[in-house]
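[1] Prediction below, plus the sequence it came from.
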Amino acid sequence: MTAVLEAEGYEVHSAESGERALELVAQTLPDLILLDIVMPGIDGFDVCRQLKTHAKTSHVPVIFLSATTEAKERVAGFKLGAVDFVPKPFQRQELLARVHTHLALARLQAALKKETAELGETNQRLQDEIAKREEIAASLSESEEKFRTLAGSAQDAFVMLDDEGRVIFWNRAAIGMFGYTEQEISGKKFHDRVVPERFRAAPEYRFEHFKATETGPSVGKSIALHALRRDGSEFQIELSVATVKLRQKWVAIAVIRDITGRLRAQETLQRSEERLNLVLDAAHMGIWDKDLITGKLLRSVVHDQIFGYDSIQENWSNETLLEHIVPEDRERRRQEMAHSDPNTLINSEYRIIRAGDHALRWIQFQGKVYGDEKGKPIRRAGIILDITDRKLAEQEQHSIDAQSSLSQKLESVGRLASGVAHEINTPMQFITDNTQFLKRAVTSLTEVLGAYRAVNETVASGNKPDEALALARAAEETNEMEYLLSEIPRTFDETMSGLQRVTHIIKSLKEFSHPNTTAKHPADLNKAIATTIAVSRHEWKYVAEVVTELDPDLPMIPLCIDEMNQVMLNLIVNAAHAIGDAIKLRGEAKGVITIRTKQDGDSVLVDVADNGTGIPESAQSHIFEPFFTTKGVGKGTGQGLAIIRTIVLKNHGGTISFTTAPGKGTTFHIRLPMSRPDEAPAPETAAGT
């Protein structure tokens, strides 16, 4: 067989066993394999099975050689992948025909496979190109849709013009701005429809210039123009143009904004600024604005006029300002200038010496420190005021308040004097009566003592004392010695008790009438309350009982004791009057005034409660107003609670409030700080100029 094939020009490699055949195939891949079924070692079927399981050899055609003619072997061979069977012994022509045919088929299959692969690659490239084109088309469609959506929802008008100036896109905002629908304006020249005729030549020239040079005043910038609506009305617009080249032709995309409202707002703002300047000038307010980066300071004329100059001074600086400020205020000003935190509010008052007349004036800086997005201070701006007149008015008002307070105090003193006189009068009455009794008792004792001295003298002279003794005994009976000896000690006890009562009243009155001063010193609030209760006893003893719930651990707190006594006196008297009115209305027995103190954090709370008539709802918002009173004519000045509020809030830095139930009673709540208001850390303020 080898010789036959080689004679026909075929290159033949032969193997004596199945194992050797597999080795040869592994070394050199053949174009065709002639395989005997029966061989030493593994048979032809196993060799074919292994060849067909490997990708490298699976395509090589296999022709079985077999002496058998049984169909099952042929079927088994075809199932394993054989392409043909050659019977043994073989016929030369048949063998060559089969080999030639299957080699030709193998070459055709290989060529077909290669061509199929190439066609597949070509088809894939076409598919990829189609997909890419579809993706580009979809992207373009999406971009166009996004543009239309964006342009359609924009507040500004979006207009696209072709290279002849005709409208090819017109969004919803353009419809509302100019009055033309997209169908009405499409294909029409933009300038002919929306530019007033008297201004039309310039934009047409600019458009032709743009087509020739691709530049123009509105390309990449914004310019203001006059525009024309469909109804013939004119308005002002702001126009900016961008360009894009489509299909080798330029397209202009115009963004148009109606600036009528903005111009109107600018005009309004300008008028407002003019009015503000007039107001500032009329109010004599100066303006200052300092750039903290460059150090540049802008000031109005009024600013420098406040310091005594007729015009704005050159080379103004912080040192110039400090030279005008009185020495006592300069250090505070320097400290305030060191603080420039963003959003710091400026509110500072100083005394200055004005240039020219060297008058002492009060000024006030008001303003704010501004920062950038990183929180760095970049600017201070605000106003300056001459507040001298206000300060003088405050001093005058303070004097009036002091006089009002003095008037109220004199009223309280007058009421106290009457009450204290009544309180002292009762013990003094029985002290006087007891003194008269003791005086008479001393006279009787003197008479009896004289009688017994006569007895002693009689005995001393050697005479019988019977008659003198009888006279002495008669004197005892006449002067009621037994009664006197039993009453005199009790009379002394009563007198001492009365004197102690008078002493207590006078001592309380002395403590209550502390020297008048506005200075605050550490004081015992509980003791001040007890003293006030004692001196006001005549006001409440007939209508109420006073119950105290005073915190025994209450610390000393800074008080103007004279003013605090007045606060407590007014509240106790008001409570007594309210209870008195309730007794008349309800016919009840005595009421109760309850006074409590306790510490609450860094404050002390004082409550003064009564079960009187309460405060009517209509009066509750007015009770702290000067000259407002709920009492009858002649029974109140309406200044008591107003003065209390001033003392608590202004003089002691505290608070006062109340809770009330009409017909059931009222409680006043006072909160006093445990530290002096002037000891609290001052808020940081920033320099003004």
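    Here it is on my side, so go on. Numbers count the residues shown, from 1 in each chain.
[2] quick one: contacts for the nearest residue to Ile37 once chain neighbours are set aside?
    Using CB to CB, 6 or more residues apart in numbering and skipping the chain neighbours, the partner closest in space to Ile37 is Gly44 (4.0 Å). Just so you know, the C-beta spots here come from the backbone N, C-alpha and C atoms, and that holds for glycine as well. Neighbour list for Gly44: Gly18, Leu35, Asp36, Ile37, Val38, Phe64, Leu65, Gly77 [criterion: CB atoms under 8 Å, 6 or more residues apart in numbering].
[3] swap the cut-off to 6 Å and go again
    Leu35, Asp36, Ile37 (CB atoms under 6 Å, 6 or more residues apart in numbering).
[4] Look up how far Val62 lies from the residue lying closest to Val38 once chain neighbours are set aside.
    Using CB to CB, 6+ apart and skipping residues adjacent in sequence, the residue nearest Val38 is Gly44, 7.1 Å away. For Gly44, the distance to Val62 equals 9 Å [CB to CB, to the nearest Å].
[5] between these two, what contacts are shared?
    Leu35.
[6] following the worst-scoring helix or strand of the chain on mean pLDDT, which helix or strand shows up next?
    Least confident helix or strand, the chain: helix 201-213 with a mean of 72, by mean pLDDT, DSSP states H and E. Sequence order places strand 223-228 as the next helix or strand after helix 201-213, per DSSP states H and E.
[7] and that next one, which residues are buried?
    Leu225, Ala227, Leu228 (16 or more other CB atoms under 10 Å).
[8] and the last one, what does it touch?
    Okay, so that is Leu228. Leu228 touches Val194, Pro196, Glu234, counting by CB under 6 Å, 6+ apart.
[9] Show me those that map onto helices.
    Val194 (DSSP state H).
[10] which one of the contacts of Leu228 has the most neighbours?
    Val194 (27 neighbours; other CB atoms under 10 Å).
[11] So that one sits against Ala227, correct?
    Yes: counting by CB atoms under 6 Å, Val194 does reach Ala227; the two are 5.4 Å apart.
[12] The residue nearest to Ile37 and Ala15, how far apart?
    11 Å.
[13] again, but for Glu323
    121 Å.
[14] More neighbours: which of those two?
    Ala15 (16 against 13).
[15] what helix or strand does Val448 sit in?
    helix 388-460.
[16] likewise Lys245?
    Short version: Lys245 belongs to strand 234-246, going by DSSP H and E.
[17] and what of Gln266?
    helix 260-282.
[18] same question for whichever helix or strand comes after that helix, mean pLDDT?
    Next helix or strand after helix 260-282 toward the C-terminus (DSSP H and E): strand 285-291. Strand 285-291 comes out with an average pLDDT of 84.
[19] Please name the strands paired to strand 285-291 in the sheet, noting orientation.
    In the sheet, strand 285-291 lines up against strand 297-299 (antiparallel), strand 377-386 (antiparallel) (DSSP bridges).
[20] quick one: the nearest residue to Ile384 once chain neighbours are set aside from Leu321, how far?
    Counting by CB to CB, 6+ apart, Gly286 is the residue found nearest to Ile384 once chain neighbours are left out, at 4.2 Å. The gap separating Gly286 from Leu321 is 12 Å, by CB to CB.
[21] again, but for Asp291
    Counting by CB to CB, the gap from Asp291 to Leu321 is 17 Å.
[22] neighbour count winner among those two?
    For the pair Asp291 and Leu321, the greater number of neighbours falls to Leu321 (22 against 13), based on other CB under 10 Å.
[23] which SSE is that one in?
    helix 318-324.
[24] Only the buried residues of the helix or strand following that helix, if you could.
    Heading C-terminal from helix 318-324, the first helix or strand you meet, by DSSP H and E, is helix 327-337. Of all the residues in helix 327-337, those buried under the rule 16+ other CB under 10 Å are Arg333, Glu336, Met337.
[25] Find the residue at the geometric middle of this protein.
    Asn343 (12.6 Å; CA atoms, centre = their mean).
[26] sorry, back to before: flag the least confident of the buried residues of helix 327-337.
    For the buried residues of helix 327-337, the least confident entry is Met337, with 74.
[27] and the gap between that one and Val302?
    Taking CB to CB, one finds Met337 at 22 Å from Val302.
[28] tally of neighbours for Ile431?
    19.
[29] Next: the one 10 residues further on.
    The burial metric for Ala441, expressed as a neighbour count using other CB under 10 Å, is 20.
[30] I'd say it and Leu484 touch.
    Yes: between Ala441 and Leu484 there is a contact under CB under 6 Å: 5.0 Å.
[31] Ignoring the adjacent residues along the chain, who's closest to Lys189?
    Gly165 (5.1 Å).
[32] how close does that neighbour get to Val251?
    Counting by CB to CB, the gap from Gly165 to Val251 is 11 Å.
[33] what pLDDT does the residue nearest to Val38 get?
    85.
[34] same thing with the one 5 residues further on?
    Reading off the confidence values, Arg49 has pLDDT 89.
[35] can you count the residues close to the residue lying closest to it once chain neighbours are set aside?
    Excluding the flanking residues, the one nearest Arg49 by CB to CB, 6+ apart is Leu80, at 5.5 Å. As a burial measure, Leu80 scores 18 neighbours (other CB under 10 Å).
[36] With Asn463 instead?
    Neighbour number of Asn463 under other CB under 10 Å is 11.
[37] Equivalent analysis for Gly601, please.
    Gly601 - counted by other CB under 10 Å - has 8 other residues nearby.
[38] OK, contacts around it?
    Contacts of Gly601 (CB under 6 Å, 6+ apart): none.
[39] and it, what pLDDT?
    90.
[40] Against Thr446, how distant is it?
    69 Å.
[41] still on that earlier bit, which element follows the helix holding Val448 toward the C-terminus?
    helix 466-478.
[42] which secondary structure elements does that next one contact?
    Other elements packing on helix 466-478 under the criterion 3 or more CB pairs under 6 Å, 6 or more residues apart in numbering; DSSP states H and E are helix 388-460.
[43] residue ranges for the strands of the stretch 451-600 of the chain, please.
    For the stretch 451-600 of the chain, the strands defined by DSSP state E, counting those that start in this stretch occupy 521-523, 544-550, 557-559, 591-600.
[44] Now do the buried residues in the first one.
    Under the neighbour-count criterion of 16+ other CB under 10 Å, strand 521-523 has Ala523 buried.
[45] now swap in stretch 59-75 and tell me
    Result for stretch 59-75 [16+ other CB under 10 Å]: buried residues Val60, Pro61, Val62, Ile63, Phe64, Leu65, Ser66, Glu73, Arg74.
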